[in-house]
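Q: sequence first, predicted coordinates after that:
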Amino acid sequence: MAGFNEQLGRDLDEIRGAGLWRELREIASAQSTRIKLGGREFINFSSNDYLGLAAHPALTQAAQEALDRFGTGSGASRLICGSLQPHHELEAALAKWQSTEAALVFSTGFAAVQGVLTSLLGQGDVIILDKKAHASMIDAAKLSGATLRIFHHNNLGNLEKLLQWAAGQGGRVLVATESVFSMDGDRAPLAGIVELKERYGAWLMLDEAHAFGLYGPLGQGLAAADGLAGRIEIRMGTLGKAVGAAGGFICGSRQLVDLLVNRARSFIFSTAPSPAVSAAARAGVELIQGAEGESLRGQLWQRVEELMRGIESLGWKTPVEPSAILPLIIGAEEKALAAMEQLRETGLFIPAIRHPTVSRNEARLRVTLSSSHTGADVRALLDALGQAR
Ligand SMILES: *Cc1c(COP(=O)(O)O)cnc(C)c1O
């Protein structure tokens, strides 16, 4: 039997051999459209900080005030003695923003998804996921013990077939999908999904990680923009993307939140988020709903428009609907890595996204835009892409 590190070394060789090696890069600056890496400055096109709030003075000030009053640590899980004022204030602000009875904050979005699926479903129940659903939903579905079924990406006909089958199984049925997909930036056909889940008596969990803050009145997300929010049982979001802090949340009925507090193991057995982070998130949620949020969204959509037009004229396929995520599909893993390196030499930081985050041979450069990008930033990106082609 080979030693521990030798065995792991073989696993690592396999990963390298498949062109799937990943490593951490130390960023020596705040999260922004400019980042410092290895002593050099890059224009950053890889962050989910869509509204530039991650280092916004209103959020850092809110965090600083909370630090002064509540310190750094929350001390325990929420149910023991860690349920601090900033957590409650954040949850009230989230429920108000989303016009739901209640909201519950988790340490991460990943933990929020896990908490929901494992609390609501178990053996004898069915969870139906979109093929491109985030890893957090796949893992949570498996952990729940429910039967897992996958429908073709955004395919209502295939979803209906699975709903028909699931309705005969005798247990609860839940459909879960994303409103804006994290790796493609495309949208779920929400009206169709809502109609189907209602027709077959199923529940819907909608992951709005890449939509909250960006779409709809007050940045309430895509379901709200489509007038469907009130018909969706469970909506989930993160506090670490457009909101500019960290954490995840669920919004919905009082009963939903009460059940999660009583059952969600990723909530119950986990230390509460740092009060400073929750205070920052609350400031982000308030800012998103105000005049500044509206103007930041306007700037973001202007940059998206410029980039989409430019990409199209370079001959890349562009998404049908605008989103802050623009995938440039390259195909082979090595080619995507080479393109990433080439762009990096010109001072642009864009990640190559590979298997298992996306399917094999669908490796891509995933460009994300922020309201903090300038028109000149977008032109620099288009110039570099033009030369790379
Ligand atoms: C980022 C993300 C999550 C997880 O949220 P975190 O707060 O980062 O843990 C869940 N779903 C989707 C679609 C995401 O993009």
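A: Structure's in. What do you need? All of these numbers come straight from a predicted model, not from anything done at the bench.

Q: dump stretch 331-349 to PDB, restricted to CA.
A: Provided in PDB are the C-alpha atoms of stretch 331-349 (Å, rounded to 0.1, in the frame of the first residue of the first chain):
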ATOM      1  CA  GLY A 331     -14.200  24.000 -26.200                       C
ATOM      2  CA  ALA A 332     -11.000  22.100 -25.300                       C
ATOM      3  CA  GLU A 333      -9.700  22.600 -21.800                       C
ATOM      4  CA  GLU A 334      -6.100  23.300 -22.900                       C
ATOM      5  CA  LYS A 335      -7.200  25.900 -25.500                       C
ATOM      6  CA  ALA A 336      -9.300  27.800 -22.900                       C
ATOM      7  CA  LEU A 337      -6.200  27.800 -20.600                       C
ATOM      8  CA  ALA A 338      -4.000  29.100 -23.400                       C
ATOM      9  CA  ALA A 339      -6.500  31.900 -24.200                       C
ATOM     10  CA  MET A 340      -6.700  32.800 -20.500                       C
ATOM     11  CA  GLU A 341      -2.800  33.100 -20.400                       C
ATOM     12  CA  GLN A 342      -2.700  35.200 -23.500                       C
ATOM     13  CA  LEU A 343      -5.200  37.700 -22.100                       C
ATOM     14  CA  ARG A 344      -3.400  37.800 -18.900                       C
ATOM     15  CA  GLU A 345      -0.200  38.900 -20.700                       C
ATOM     16  CA  THR A 346      -2.200  41.900 -21.900                       C
ATOM     17  CA  GLY A 347      -3.300  42.700 -18.400                       C
ATOM     18  CA  LEU A 348      -6.800  41.200 -18.400                       C
ATOM     19  CA  PHE A 349      -7.900  38.800 -15.700                       C
END
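
Q: any idea how far that stretch is from the middle of the chain?
A: 23 Å (Cα atoms, centre = their mean, to the nearest Å).

Q: how about stretch 140-147?
A: Taking mean C-alpha positions (Cα atoms, centre = their mean), stretch 140-147 and its chain are 20 Å apart.

Q: so how far is Gln114 from the nearest residue to Trp21 once chain neighbours are set aside?
A: Among residues not flanking Trp21 along the chain, Ile15 sits closest, at 5.6 Å (Cβ to Cβ, 6 or more residues apart in numbering). The C-beta positions use only the backbone N, C-alpha and C, and glycine is treated the same way. Applying Cβ to Cβ, to the nearest Å, one obtains 25 Å for the distance of Ile15 from Gln114.

Q: the more surrounded of the two?
A: When Ile15 and Gln114 are compared for neighbours, Gln114 comes out ahead with 24 against 12, by other Cβ atoms under 10 Å.

Q: return the alpha-carbon coordinates of the strand or helix carrying that one using CSV.
A: Element membership for Gln114 (DSSP states H and E) is helix 109-120. Presented in CSV, the C-alpha positions along helix 109-120 are these (Å, rounded to 0.1, in the frame of the first residue of the first chain):
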residue,chain,number,x,y,z
GLY,A,109,-25.5,30.4,-0.3
PHE,A,110,-24.2,26.8,-0.5
ALA,A,111,-25.3,26.2,3.1
ALA,A,112,-28.7,27.8,2.4
VAL,A,113,-29.5,25.5,-0.5
GLN,A,114,-28.4,22.5,1.6
GLY,A,115,-30.6,23.6,4.5
VAL,A,116,-33.7,24.0,2.3
LEU,A,117,-33.5,20.7,0.3
THR,A,118,-32.6,18.5,3.3
SER,A,119,-35.3,20.1,5.5
LEU,A,120,-38.2,19.9,3.1
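
Q: sounds good, over and out.
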